[in-house]
Every structure is written in structure tokens, then in C-alpha cells.
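Chemist: Just need the structure, nothing else, for what follows:
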Amino acid sequence: MSLFEQSEKASLRKVQPLAARMRPATLDEFVGQQQFLGEGKLLRRLLQADRLGSVLFYGPPGTGKTTLARLLATESLSRFRQLNAVTSGVKDVRELLDEAREEVATGGRKTVLFVDEIHRFNKTQQDALLPDVEDGVVTLIGATTANPFFAVNSALVSRSQIFQFEPLAVAEITSLLARALADVDRGLGRYEVEATAEALEYLARACDGDARRALAALEIGVLSSTDKPVRFDAALAAESVQRKAIEYDGSGDTHYDAASALIKSIRGSDPDAGLYWLARMLEGGEDVRFLCRRLVILASEDIGNADPHALSLAVAAMQACEFVGLPECQLTLSQTVTYLACAPKSNAATVAIGEALRDIREGRLLPVPVALRDAHYQGSKQFGHGDGYEYSHDAEEGVAAQDYLGVDREYYRPVDRGFERELAERLTSIRQRLRAAKTESPP
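Modeler: Okay, the predicted model is just below:
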């Protein structure tokens, strides 16, 4: 490398942010994702056996997807080429694939093609990758924050290993921050910095597993301080870290995962978790009508007759939210979530309709008993419709000993919780009377 090239490289490095300068140069420096990169794990084994094929990296920002793609190219002795799905078109893809094919044909190295935000490629662009991926001309590494099973062409998914990246743990980010403070060449080691353990842990927690954001906050705090040496304490850390924009896709994974977490928290009778997921969705801009619909459904699906007031409250909340709107309707939603979470739970009504529907769909279709058939139209009497019908209000306790189905079948089985406990006792008496009618009626 010439002196001119060295000078250019040094100048470029000066303007790079700390997170870019601290990118690991080897796999040993890479932090996190040990669930597939640790010793004996799948990605490590594929690399060691020189069997690395096309892969999809799926996970949140700042977890090392781009960095690991570069390291895999280095470790497999391949050329690294990068495209961004937002700024690249089919023409760019084809040019790069032609270049990779020419390189292989002339005895050169294989190419690792890294496509960032691959979920933003349309079907045509993704299809353009298929032939060369299948032929092994390129090793495709696609990075996405969206679930690839929904966002990426199924043909590409079927030809790729999928590795899910998790947010970095607090201890992992803390170690990266300590490394950046000690590194003289790439990091902040040339500055006099007295960083407290409390401050580094605060940054690690505040950045929600995003190493890039944590390193950016550390750099801001150190470079903006006028103290010599820099006293990087919890107060400076809090001042340096910016409020993170809520990553929330109203039609993607985050939407469905957060909705699932909200419903399961309420079903699990945890009002605190329910409030957190409600707040997360509201802060992310979730549609209030969607939230109301889900709460109305839950009131019947998971509470039912264990607390009949739950449905009334959920419907009232839906109407109130429509009338009041944000931000005030978040109070109504909070009231509803906490009530539903604390209410006794029963899915007996949900199970009951499911079993009845299954009987019908599986062909167990029953004729309407003659006594129950419509007898209001002229001529119904000659068919015998309504003969033998007993008017319930004339019977003792308002329950007539009548066969309403024609077979002995129980769908609704109340649970021993809340108001359904009372219903269960009453239903036992009712069913005894109804069964008596079945045994007395002729076959």
C-alpha cells in the first residue's frame, strides 16, 4: 500500500463514527449471536466445513447482521459485494451477478453478495437472484428486519438457511463499550475517560440490545464533554443517549408480535404486562380500532361467562374510544386492559362453538325436530310442524322437558370460576330435565 493510499484510508477512518471504526476484524472479536455462531453451532460448522451457502439474517438493527456478513466473506476467502434493496434496481443486481459469474469463470474467487433490507426488493428483483444462487455463482446473504417467511420470496427462503439475530445482552454491550474505551487505534483510547460501571450499564440497558446506538451515545458523551479527564457517569450517559424512535410496523412482524403479547398477557391475568404491550402499541402508532376489536374478541374468547360484564365493558370501551379519540382514550384502554386481565377466565364458550362447528363440518347434520319447526305459515299443520312443542314459560322454573337437538350432545361445559360456577350448577339441573325428555320421547 502506497503512502497516498495510507493517507486516504486514515482520512476516511477519521470521519467514521465509533460504531463503524469498532467493527470486529475477525470472528473472535464478534460479540453476540452465540445461539448459531458459537462453537459447535450450525453457522460455525458450515463455515469450518467450507459449506456456507445462501443465508438470510433476520433481526433488529444494531445486532451485527452487516458486520457478520463481511466477516463470513473474509473467513471464506470470498469477494464481498453489497447492495441496498432501497437504492438498487434489477439493473444493479444483474450487473453485479454478471461480474460475479465472470470472476468465477476466469478462476477467481467466489462472491458473497450481501443484500441489506432484502425484504424491500420486489418479486422481480428477488427472482433475478435465483439462477445464480442455485448455480452457486454467488453466496447470497440477505439481511432483513421483517420475518422472511412473510417478506421474502418463498423460492429464496427455501434455498437459504435462516438465522435469527437477537438483541445483544447487557453484558455483551457493556464489553463492547469497554473495548471501545480501551482501543487507541480505532476507539476512544487516546482520550482520558473515567467511565463508571453504572454509566456503561445504563447505556447498555437504554439501547435495547442495539450496539450501534450504544457506541454512538458513548462517542457523543466523550467528545462533547469539556472535562479533562472526561467523567463519564450515569448523568452524562443519560444525557448522551437519544430517545429511540419506536420501531413499529403497523402491518408487519412487530404489529402481530405485540398484539399477540398483549392478548396472551391479558389471558394470563397479568395487568402489568398487558399495560406495557398496550403502551408499546400506542406509542408505535397502532390503530385504536384494531386494539378495541382485539379486546372485544378477547372478552368473549378468554373470559366469556366467567364474567359477563367483560364483554359489555369492552364494547363500551370501543364506543368511548371512537367518541373520545387519542390521546385521552388511552385511559379507557388502560381501564379495559386491567379489568380484562384481572377478570376470571373461561374459554368454555370458545370451545363450545368450536366443537359444534366441527360436528357440522364433519357431516354430522341433524334434522330439525318436528316440534321445533316453523309452524307460523299456512299449511304447516298438515306437515305436523310444531306438534308437541312445549312453551318454556309455562313450565316449572321456565324449563320445559323438551328434546331440542335429537341427540345427546354437550358442547358447553362451564368452568369452576367466576359467574360460570353458578351457571354450571344451574346447567346441571337443566340438563337433567332435558335428558328426561330424550329418554321419554319415542325413537
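Chemist: Would you mark the buried spots in the helix or strand hosting Ala356?
Modeler: Using DSSP states H and E, Ala356 falls within helix 348-361. Buried residues in helix 348-361, counted by 16 or more other CB atoms under 10 Å: 348-349, 352. Placement of C-beta: from N, CA and C, glycine included.
Chemist: For the residue nearest the centre of the chain, give me the backbone phi and psi.
Modeler: With distances taken as CA atoms, centre = their mean, the residue of the chain nearest its centroid is Asp257 (3.0 Å). Main-chain torsions, Asp257, degrees, to the nearest 10: phi -70, psi -40.
Chemist: now do Leu56
Modeler: With angles defined as degrees, to the nearest 10, Leu56 shows backbone torsions of phi -120, psi 130.
Chemist: same thing with Ala400?
Modeler: Per degrees, to the nearest 10, the backbone of Ala400 is at phi -90, psi 140.
Chemist: List the residues that contact the residue nearest to it when sequence neighbours are not counted.
Modeler: Nearest non-adjacent residue to Ala400, counting by CB to CB, 6 or more residues apart in numbering: Glu390, 3.9 Å away. Contact partners of Glu390, counting by CB atoms under 8 Å, 6 or more residues apart in numbering, are 371, 400-402.
Chemist: ok, Glu283 to Tyr58 distance?
Modeler: 24 Å (CB to CB, to the nearest Å).
Chemist: The two: which is more packed in?
Modeler: Tyr58 (23 against 12; other CB atoms under 10 Å).
Chemist: on that earlier part again, what pLDDT does the residue nearest to Ala400 get?
Modeler: pLDDT for Glu390: 80.
Chemist: Mind checking what secondary structure it has?
Modeler: What DSSP: H, G, I helix; E, B strand; the rest coil gives for Glu390 is coil.
Chemist: what domains does the record give for this structure?
Modeler: What automatic domain parsing lists as the domains of the chain is 32-164, 170-240, 253-342, 367-440.
Chemist: Tell me which of the ones you listed lies nearest to Gln16.
Modeler: Closest approach to Gln16 among the domains of the chain (CB to CB): domain 170-240, 9.1 Å.
Chemist: any idea where the strands of the stretch 201-350 of the chain begin and end?
Modeler: Assigned by DSSP state E, counting those that start in this stretch, the stretch 201-350 of the chain shows strands spanning 230-232.
Chemist: re the thing from before, what is the mean pLDDT for the helix holding Ala356?
Modeler: Averaged across helix 348-361, the pLDDT comes to 92.
Chemist: picking up where we left off before, would you tell me which one of the buried residues of helix 348-361 comes nearest to Lys65?
Modeler: Ala349 (45.0 Å).
Chemist: How about the contacts made by that closest one?
Modeler: Applying CB under 8 Å, 6+ apart, we find Ala349 in contact with 300-301, 304-305, 412.
Chemist: repeat that for 7 Å
Modeler: Taking CB atoms under 7 Å, 6 or more residues apart in numbering as the criterion, Ala349 is in contact with 300, 304-305.
Chemist: got it, and Ala320?
Modeler: 329, 332.
Chemist: Sketch out the low-pLDDT regions of the protein for me.
Modeler: For the chain, the stretches flagged by pLDDT under 70 are 1-14, 242-253, 437-443.
Chemist: In the lengthiest helix in it, which residues are buried?
Modeler: Longest among the helix segments of the chain by residue count, using DSSP state H, is helix 419-440. Residues of helix 419-440 classed as buried: 419-420, 423-424, 427, 434 (neighbour count, 16+ other CB under 10 Å).
Chemist: now swap in stretch 262-279 and tell me
Modeler: For stretch 262-279, a neighbour-count test (16+ other CB under 10 Å) marks 262-263, 265-267, 271, 273-275, 277-278 as buried.
Chemist: now swap in stretch 185-193 and tell me
Modeler: Buried residues in stretch 185-193 (16+ other CB under 10 Å): 186-188, 193.
Chemist: Likewise for stretch 129-145?
Modeler: 129, 132-133, 137-145.
Chemist: now that stretch: how far from the chain's centre is it?
Modeler: How far stretch 129-145 lies from its chain's middle: 25 Å, per CA atoms, centre = their mean, to the nearest Å.
Chemist: Need the contact partners of that stretch.
Modeler: 52-58, 60-61, 65-66, 69, 72, 78, 93, 97, 100-101, 104, 110-119, 151-152, 155-156, 159-160.
Chemist: Show me what the helix or strand containing Leu68 is in contact with.
Modeler: Using DSSP H and E, Leu68 sits within helix 65-75. Contacts with helix 65-75, where a contact means CB under 7 Å, 6+ apart, come from 23-24, 27, 30, 47, 52, 57, 59, 80, 112, 114, 116, 141, 143, 165.
Chemist: distance of the residue lying closest to Ala436 once chain neighbours are set aside from Gln432?
Modeler: In this structure, Ala436 finds its nearest non-sequential neighbour in Ala401, 5.3 Å apart by CB to CB, 6+ apart. Ala401 is 10 Å from Gln432, where distance means CB to CB.
Chemist: Mark which of the contacts of helix 65-75 are buried, thanks.
Modeler: Applying 16+ other CB under 10 Å to the contacts of helix 65-75 flags 23-24, 30, 47, 52, 57, 59, 80, 112, 114, 116, 141, 143, 165 as buried.
Chemist: how about Arg101, what does it touch?
Modeler: 132, 137.
Chemist: Now do the buried residues in the host helix or strand of it.
Modeler: Using DSSP H and E, Arg101 maps to helix 90-105. Residues of helix 90-105 classed as buried by neighbour count (16+ other CB under 10 Å): 93, 96-97, 100-101, 103-104.
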